[in-house]
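**Student:** please find the sequence and the predicted model below.
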Amino acid sequence: MKVYFIVNPIAGKGKGKEFMEQAIHFMRDRNVQWEIAYTQYPGHAIELASQVDDNLYSKVVSVGGDGTIYEIINGLKDKSISLGIIPAGTGNDLARSVHIPLDKQEALRVIFDGNEKQMDIGNMEEHRFVNVAGVGLDVEVLRCTEFFKKFVKGSIAYVLGLLKALFTFKAIELNISIDGVMHHEEVMLCAIANGQYYGGGMKIAPTADVGDGYFDIYLITKLSKLKLLFLFPRVFKGSHIDLPWVKTFRGKKVTITSKEEIWVNADGEISKKHSPTFEIIEKGLKVSVAQEMSLMAQPADQ
Ligand SMILES: Nc1ncnc2c1ncn2[C@@H]1O[C@H](COP(=O)(O)OP(=O)(O)OP(=O)(O)O)[C@@H](O)[C@H]1O
């Protein structure tokens, strides 16, 4: 088995690059053949993954965060090669969604000793995503978080970004078609979830399951800033779903339209779209998970 590592040297403030020394020891001990490529600029992982020869390599391993995984799966597209994940980013939400250990050494062991499972992925026009796509407050949070990341690190930047967005964001009117059924809603947020987590550990979609062939769609309807502040801490635990301002749906195809172009977040990557369509690709990605783990969702309070 030959393994191709794609390492993002800036993810998680360099955690992945540091880890590669340990990874090399591990592979020498196991007599594994490997190649390591370090990304040099944003988008480089897409190019590297698209050039991987799936006759030569049995696995591509992402060493970075969700942004790196997003780029790799967009480079791999229809290749049958499987993905290993070393969570070396800031948020590592996909690793949480598929129950990969956040400890990097443990995660490396999972890649070699675990199982390979087929998981669903999402498609938004020409882009693949693995975790959560969204419209509304989350995009605002990402923009504000980017600003704060220049000054503080990790989860502090997320929290500050979130607080700033909470105070400045206004609800937007959306027409949301879910498997052909139209919903007209004024929302703070529409999350189209394959995985459960985003925003660095927020359990936005506790019922989502990357192996069930469906998106779980969570709408947070228009509400006051005070209520939003009350709701926010509950999202970290996933206990927001019982609140009256949260609506949930399931579906395989979602189209969102609005009067104007809308900002969309797919796995943390932001773009502006006219009427984005999100479709589930059932079992579209082979991924290494721990032997005892299924891809099934865990209960909301875990
Ligand atoms: N050499 C590089 N220089 C600058 N940016 C890079 C380089 N290599 C990759 N990138 C970009 O770094 C961005 C952040 O990577 P990634 O999301 O993996 O880490 P993170 O933000 O720390 O983690 P997470 O998304 O899990 O919070 C990616 O969008 C990628 O395009």
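**Tutor:** That came through, no problem.
**Student:** contact residues of the stretch 201-302 of the chain facing the ligand?
**Tutor:** Residues of the stretch 201-302 of the chain found near the ligand (CB under 6 Å from any ligand atom) are residue 268. C-betas here are computed from N, CA, C, even on glycine.
**Student:** repeat the analysis, applying 8 Å as the threshold.
**Tutor:** 268, 269 (CB under 8 Å from any ligand atom).
**Student:** could you list the low-confidence segments of the stretch 201-302 of the chain?
**Tutor:** 291-302 (pLDDT under 70).
**Student:** for the residue of it found nearest the ligand, phi and psi?
**Tutor:** Nearest residue of the stretch 201-302 of the chain to the ligand: residue 268, at 5.3 Å (CB to the nearest ligand atom). Residue 268 has phi and psi values of phi 90, psi 0 when expressed as degrees, to the nearest 10.
**Student:** go on, residue 45?
**Tutor:** Torsion angles, degrees, to the nearest 10, at residue 45: phi -60, psi -30.
**Student:** how long is stretch 85-94 end to end?
**Tutor:** Separation of the first and last residues of stretch 85-94 by CA to CA, to the nearest Å is 9 Å.
**Student:** can you tell if it touches the ligand?
**Tutor:** Yes - for stretch 85-94, a contact with the ligand is found by CB under 8 Å from any ligand atom, at 87, 88, 89, 90, 91, 92, 93, 94.
**Student:** and the helix or strand where the last one lies, what's buried?
**Tutor:** Counting by DSSP states H and E, the element that carries residue 94 is helix 93-97. Neighbour-count burial for helix 93-97 flags 93, 94, 95, 96, 97 (criterion: 16 or more other CB atoms under 10 Å).
**Student:** repeat for stretch 109-128
**Tutor:** By 16+ other CB under 10 Å, the buried positions in stretch 109-128 come out as 110, 111, 114, 117, 119, 120, 121, 122, 123, 124, 127, 128.
**Student:** what pLDDT does the residue nearest the centre of the chain get?
**Tutor:** Closest residue to the average C-alpha location of the chain: residue 131 at 3.4 Å, with CA atoms, centre = their mean. The per-residue pLDDT reported for residue 131 equals 93.
**Student:** just the element for the closest residue to it other than its chain neighbours, please.
**Tutor:** Excluding the flanking residues, the one nearest residue 131 by CB to CB, 6 or more residues apart in numbering is residue 195, at 4.0 Å. In the assignment (DSSP H and E), residue 195 maps to no helix and no strand.
**Student:** you'd agree residue 195 is up against residue 205?
**Tutor:** Yes - in this structure, residue 195 is within contact of residue 205 by CB atoms under 8 Å, at 7.3 Å.
**Student:** what's opposite the spatially closest residue to residue 261 that is not a sequence neighbour in the beta bridge?
**Tutor:** Distance criterion CB to CB, 6+ apart; nearest residue to residue 261, sequence neighbours excluded, is residue 272 at 5.1 Å. Legend: beta-bridge partners of residue 272 under DSSP bridges are residue 263.
**Student:** contact partners for residue 272?
**Tutor:** Counting by CB atoms under 8 Å, 6 or more residues apart in numbering, residue 272 makes contact with 261, 262, 263, 264.
**Student:** circling back: out of the buried residues of stretch 109-128, list just those in strands.
**Tutor:** Using DSSP state E, 117, 119, 120, 121, 122, 123, 124, 127, 128 are the members of those that sit in strands.
**Student:** wait, which of those residues is closest to residue 136?
**Tutor:** The nearest member of those to residue 136, counting by CB to CB, is residue 124 at 15.3 Å.
**Student:** show me which residues of the stretch 51-200 of the chain are close to the ligand?
**Tutor:** Contact residues, the stretch 51-200 of the chain versus the ligand (CB under 8 Å from any ligand atom): 62, 64-71, 87-94, 200.
**Student:** 5 Å instead, please
**Tutor:** Contact residues (CB under 5 Å from any ligand atom) of the stretch 51-200 of the chain with the ligand: 64, 65, 66, 67, 68, 89, 90, 91, 92.
**Student:** in helices, which of the residues you listed appear?
**Tutor:** 66, 67, 68 (DSSP state H).
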